[in-house]
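1. I need the structure of the sequence given here:
(chains A, B, C and D)
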Protein chains: 4
Amino acid sequence: MEIRVLVTGFEPFGGETINPALEVIEALSGRALDGHDSVRIFTAKIPTVFGQAIDVLEKEMEKISPSVVICIGQAGGRCHITPERVAINIDDARIPDNGGNAPVDVPVVTGGPVAYLSDLPIKRMVQAMQEAGIPATVSNSAGTFVCNHLFYGLMHLLKTKYKRIRGGFVHIPYLPSQVVQRELPAMNLSDMVHGLEICVRVAVEHALDVPLTAGKEC
Amino acid sequence: MEIRVLVTGFEPFGGETINPALEVIEALSGRALDGHDSVRIFTAKIPTVFGQAIDVLEKEMEKISPSVVICIGQAGGRCHITPERVAINIDDARIPDNGGNAPVDVPVVTGGPVAYLSDLPIKRMVQAMQEAGIPATVSNSAGTFVCNHLFYGLMHLLKTKYKRIRGGFVHIPYLPSQVVQRELPAMNLSDMVHGLEICVRVAVEHALDVPLTAGKEC
Amino acid sequence: MEIRVLVTGFEPFGGETINPALEVIEALSGRALDGHDSVRIFTAKIPTVFGQAIDVLEKEMEKISPSVVICIGQAGGRCHITPERVAINIDDARIPDNGGNAPVDVPVVTGGPVAYLSDLPIKRMVQAMQEAGIPATVSNSAGTFVCNHLFYGLMHLLKTKYKRIRGGFVHIPYLPSQVVQRELPAMNLSDMVHGLEICVRVAVEHALDVPLTAGKEC
Amino acid sequence: MEIRVLVTGFEPFGGETINPALEVIEALSGRALDGHDSVRIFTAKIPTVFGQAIDVLEKEMEKISPSVVICIGQAGGRCHITPERVAINIDDARIPDNGGNAPVDVPVVTGGPVAYLSDLPIKRMVQAMQEAGIPATVSNSAGTFVCNHLFYGLMHLLKTKYKRIRGGFVHIPYLPSQVVQRELPAMNLSDMVHGLEICVRVAVEHALDVPLTAGKEC
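-> Numbering: from 1, shown residues only, chains lettered A, B, ... in the order given. Here you go, the predicted model:
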């Protein structure tokens, strides 16, 4: 039986002309996982627009019927690949999204819980990436823009409607080409693809996480 | 009628010999607020120990019967005073607390919700501090150590047992004396005290917040 | 006999409306040093303009006849007070100065040596500031804008024309009011003034430095 | 006629088990440059030891008779490939070198000038790397440890003894594998090798630099 994994990436936003998440999903699309012949990776491009992002994600989920959903977004300025721990029920936009919307302090889902935890095995994913030489850390905030919005929307769908699907969100750094003149950290596409391939494999292999410390004092 | 505000600070932890939060509460203790003769500030020292921190906080709340509780903690490495937006139901310690405990991926309150939002007017607090020349920003993560633990424990008490009390958490930077040989940001005690005095005043004056943008992309 | 110290500060530049160096010299102007009744601090404002900066400095030196000259400049983004070790014979402007000039790769002084070392006791100054609780570090680059230009111009004057005067340059962080909405480090004015007062005292007391390590790998 | 380029890398130091500079020179060794059949790249490993580093470099220069020498060192914490502008005549070690030496405030070459400028076309090198999508910036300080020591020693040899050879120093970031658990910037080996290949090509093609702005305010 085929195990389907849906991996999504956002359109560029905030003045950038590329989004590393799109480059990563393009590289992952249709890729076979070593030793996992039954796993097939599907990908989808998500508009960086509040509301629409979740609608497009759900349509793709309906179409593909995945077992696992991993949404990827750009975290400009971060050094590591960072699986996100928690999605919060807040939209608070510092900059407009690609549709010109900039909601402030409105819930992603009216009446939804304050937050959802990822149900990906984020500690195992970080550990496996580190063992493969890929810089990786757990993040405790996906921000309050469209990335967190999609992450919360995904988890709400998984907890209320698609209860057999597991999912979560992974932030990735800038690509080198985005920072050639800005002294900000970046990660090579091949390392990102390698890292995300590991994330997919670990997510498929492990329904449960393990308590490896990845805490932060603040 | 007297309006009582309880402001708490942690003991030093993680190898530090001082905690700026203790210095701040010492300076605030008993201080009168300009134009608010009826407001009285009480302070309490909280052990940097999982579990005990919440127990001591509740005892102080019972003793003082405050209308507002503001817990303060050190956020080493941050530049700004940062009112926290959300407490999460996770203990994940990278380093041991002052009692030698280092829980990993256990809930603060078994069966509690994934997260609580602060019910302090954090946007107004940030705005008022900025207008007074104090660097301030909303933070979307209080970490996963004793600071977040106490913040979550406080909010759980407020939502389940002390429903007339409002409260939340504010992180503050290192003091200059903590970083004389480390190139990390710091804030002068007088600026921190000024900032927290503003936080207390705004928290007393405004039960509700306003939607000022303070979002982050990640 | 009176020992005169000239301390200079730059006008605001680069879109800032204040320059912490001006605030510091205003506070230091005419100030007496504890236990040093014979020391008198003179101050001067320097235009943030290539060329003019050095001309104005020399006129002030002629007028005041100081024994020691300490030029102060803003180092936006630094955490510490940083006495500079070395001035280089290069103007390379990323942004225009206050006169609209943006020289690239031209020498400060044609035919001058590649660099001058400060002849202030920078290690002692850093040590004394740290002992007083003021964050301080030696810097190995004063940049390539008007700060380095003035520093080089000063050292060239001292080595070629005013051989009895000792001098150097100290960079200081942003003031808190400059970063209320930007998450960048800052230092309180009172700490800066305290730090610079220590620098003046140490510079007057010690003609020679001591080899305290303040190295950097890069 | 063969044009020989000597590219050197340091041994690991400061607790690291690898040095990206060694990985880069291993990849560059013997490599042909597209369109430059006459250029041959030689490489050498340099001990991270004050004194010895320069001795070994000179022996390699004698053996190989290069036209251009480019020394490479690790700049842990930097985001970009950074050709260095200036070497200063100071050893000031914060940590011991690999021979246990930690000189403080002693000259690299007694009686040598305060500093030497690189005579590589650093602006052209940065521009060419950026055009190829490689993050690159000019640096104004090579520190005060063995990297700056070797850079100064090289320039002193070039200006006093080997006047037909041109040379300079390039700092490179950590490799990803060095920061898997530390949130510090890194660069993929293939990007570093690509960047250094560009540096070699530009250094061979251009004896003179162009005044492209690469300035810093501090």
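2. Only C-alpha atoms from now on, for both contacts and neighbour counts.
-> Fine.
3. which bits of chain A sit near chain B?
-> A:75-76, A:91-94, A:104-105, A:113-117, A:140-148, A:211-218 (CA under 8 Å from any CA of the partner chain).
4. List buried residues within those.
-> Burial of the residues of chain A next to chain B was assessed by neighbour count (16 or more other CA atoms under 10 Å in any protein chain shown); the buried members are A:75-76, A:91-94, A:104-105, A:113-117, A:140-148, A:212-218.
5. What about these, which are in strands?
-> In strands, defined here by DSSP state E, the members of those are A:Asp91, A:Asp92, A:Val104, A:Asp105, A:Ala115, A:Tyr116, A:Leu117.
6. for chain A, what spans make up the strands?
-> Ranges of strands in chain A, per DSSP E, are A:3-10, A:39-46, A:68-74, A:82-83, A:86-88, A:91-92, A:104-106, A:115-117, A:166-172.
7. looking at these, which is closest to chain C?
-> Judged by CA to the nearest CA, the one of these that comes nearest to chain C is strand A:91-92, at 16.3 Å.
8. can you list contacts of the closest one?
-> Contacts made with strand A:91-92 from outside it, assessed by CA atoms under 8 Å, 6 or more residues apart in numbering or on different chains, are listed as A:102-108, A:144-146, A:148-149, B:213-216.
9. switch the cut-off to 7 Å
-> Applying CA atoms under 7 Å, 6 or more residues apart in numbering or on different chains, the contact partners of strand A:91-92 are A:Pro103, A:Val104, A:Asp105, A:Val106, A:Pro107, A:Val108, A:Thr144, A:Phe145, A:His149, B:Thr213, B:Ala214, B:Gly215.
10. which one is A:Phe10 nearest to, not counting chain neighbours?
-> If the residues on either side of it in the chain are set aside, A:Phe10 comes closest to A:Ile46, at 4.8 Å by CA to CA, 6 or more residues apart in numbering or on different chains.
11. Show me which residues of chain A sit near chain D.
-> A:79-80, A:130, A:133-136, A:176-177, A:179-181, A:183-188 (CA under 7 Å from any CA of the partner chain).
12. Turn the strands of chain A into TSV, including mean pLDDT.
-> Written out in TSV, the entries for those read as follows (pLDDT from 0 to 100):
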stretch	mean pLDDT
strand A:3-10	97
strand A:39-46	97
strand A:68-74	98
strand A:82-83	98
strand A:86-88	98
strand A:91-92	98
strand A:104-106	97
strand A:115-117	98
strand A:166-172	98
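13. For B:Arg201, which of these is the nearest?
-> Taking CA to CA as the measure, the strands of chain A were each checked against B:Arg201, and strand A:104-106 came out nearest at 22.3 Å.
14. Does anything pack onto that closest one? Which helices or strands?
-> When contacts are defined as 3 or more CA pairs under 7 Å, 6 or more residues apart in numbering or on different chains; DSSP states H and E, strand A:104-106 sits against strand A:91-92.
15. now A:Lys159: how far from chain C?
-> 36 Å (CA to the nearest CA, to the nearest Å).
16. what pLDDT does that residue get?
-> On the pLDDT scale, A:Lys159 is placed at 98.
17. what's the spacing between it and chain B?
-> Using CA to the nearest CA, A:Lys159 is found at 13 Å from chain B.
18. how many other residues sit next to that residue?
-> For A:Lys159, the count of nearby residues is 14 (other CA atoms under 10 Å in any protein chain shown).
19. how about the nearest residue to A:Gln181 once chain neighbours are set aside, what does it touch?
-> Counting by CA to CA, 6+ apart, the nearest residue to A:Gln181 once its immediate chain neighbours are dropped is D:Pro135, at 6.3 Å. For D:Pro135, the contact set (CA under 7 Å, 6+ apart) comprises A:Pro176, A:Val179, A:Val180, A:Gln181, D:His80, D:Ile81, D:Met129.
20. And the residue of chain A positioned farthest from its centre, how far from D:Ala214?
-> Farthest-out residue of chain A from its mean C-alpha position, per CA atoms, centre = their mean: A:Gln181, at 26.7 Å. Applying CA to CA, to the nearest Å, one obtains 10 Å for the distance of A:Gln181 from D:Ala214.
21. which helices and strands does the longest helix that chain A contains pack with?
-> Using DSSP state H to assign secondary structure, the helix with the most residues in chain A is helix A:189-205. The helices and strands touching helix A:189-205, judged by 3+ CA pairs under 7 Å, 6+ apart, are helix A:20-28, helix A:122-131.
22. will you turn the ones you listed into a markdown table that also has mean pLDDT and mean neighbour count?
-> Supplementary listing: the helices and strands packed on helix A:189-205 in a markdown table, determined by pLDDT from 0 to 100; neighbours: other CA atoms under 10 Å in any protein chain shown:
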| stretch | mean pLDDT | mean neighbour count |
| --- | --- | --- |
| helix A:20-28 | 97 | 23 |
| helix A:122-131 | 98 | 22 |
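23. Which one of these lies nearest to chain C?
-> Evaluated with CA to the nearest CA, the helices and strands packed on helix A:189-205 place helix A:20-28 nearest to chain C, the distance being 25.1 Å.
24. tell me the angle of the closest one relative to strand A:166-172?
-> Between the axes of helix A:20-28 and strand A:166-172, defined by axes from the mean of the first three to the mean of the last three CA atoms, to 10 degrees, the angle is 120 degrees.
25. Show me how far helix A:20-28 is from its chain's centre.
-> In terms of CA atoms, centre = their mean, to the nearest Å, the centre of helix A:20-28 is set 12 Å apart from its chain centre.
26. now the angle from it to strand A:3-10?
-> Comparing the axes of helix A:20-28 and strand A:3-10 via the same axes, to 10 degrees yields an angle of 150 degrees.
27. and helix A:20-28, what other elements does it pack with?
-> Contacts of helix A:20-28 with other secondary structure elements, assessed using 3+ CA pairs under 7 Å, 6+ apart, are made with strand A:3-10, strand A:39-46, strand A:68-74, helix A:189-205.
28. and that helix, C-alpha only, in PDB?
-> Included here for helix A:20-28 are C-alpha records, laid out as PDB according to Å, rounded to 0.1, in the frame of the first residue of the first chain:
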ATOM      1  CA  PRO A  20      13.300  28.500  -0.400                       C
ATOM      2  CA  ALA A  21      10.300  26.400   0.500                       C
ATOM      3  CA  LEU A  22       9.200  26.300  -3.200                       C
ATOM      4  CA  GLU A  23      12.700  25.200  -4.300                       C
ATOM      5  CA  VAL A  24      12.700  22.500  -1.700                       C
ATOM      6  CA  ILE A  25       9.300  21.000  -2.700                       C
ATOM      7  CA  GLU A  26      10.300  21.100  -6.300                       C
ATOM      8  CA  ALA A  27      13.300  19.000  -5.500                       C
ATOM      9  CA  LEU A  28      11.300  16.600  -3.300                       C
END
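29. can you list the residues that contact that helix?
-> By CA under 7 Å, 6+ apart, the surrounding residues in contact with helix A:20-28 are A:7-11, A:41, A:43, A:45, A:72-74, A:174-175, A:189, A:192-193.
30. change it to 8 Å
-> Contacting residues not belonging to helix A:20-28 are listed as A:7-11, A:41, A:43-45, A:72-74, A:172-175, A:189, A:192-193, A:196-197 [CA under 8 Å, 6+ apart].
31. same deal with stretch A:173-187?
-> Applying CA under 8 Å, 6+ apart, the external contacts of stretch A:173-187 come out as A:16, A:18-20, A:74-81, A:188-189, D:78-80, D:130, D:133-137, D:184-188.
32. Burial check on A:Ala207, number of neighbours?
-> A:Ala207 is surrounded by 12 other residues when neighbours are defined as other CA under 10 Å.
33. now it: how far from chain C?
-> Taking CA to the nearest CA as the criterion, A:Ala207 is separated from chain C by 39 Å.
34. Can you give me every residue that contacts that residue?
-> By CA under 8 Å, 6+ apart, the contact list for A:Ala207 reads A:Leu120, A:Pro121.
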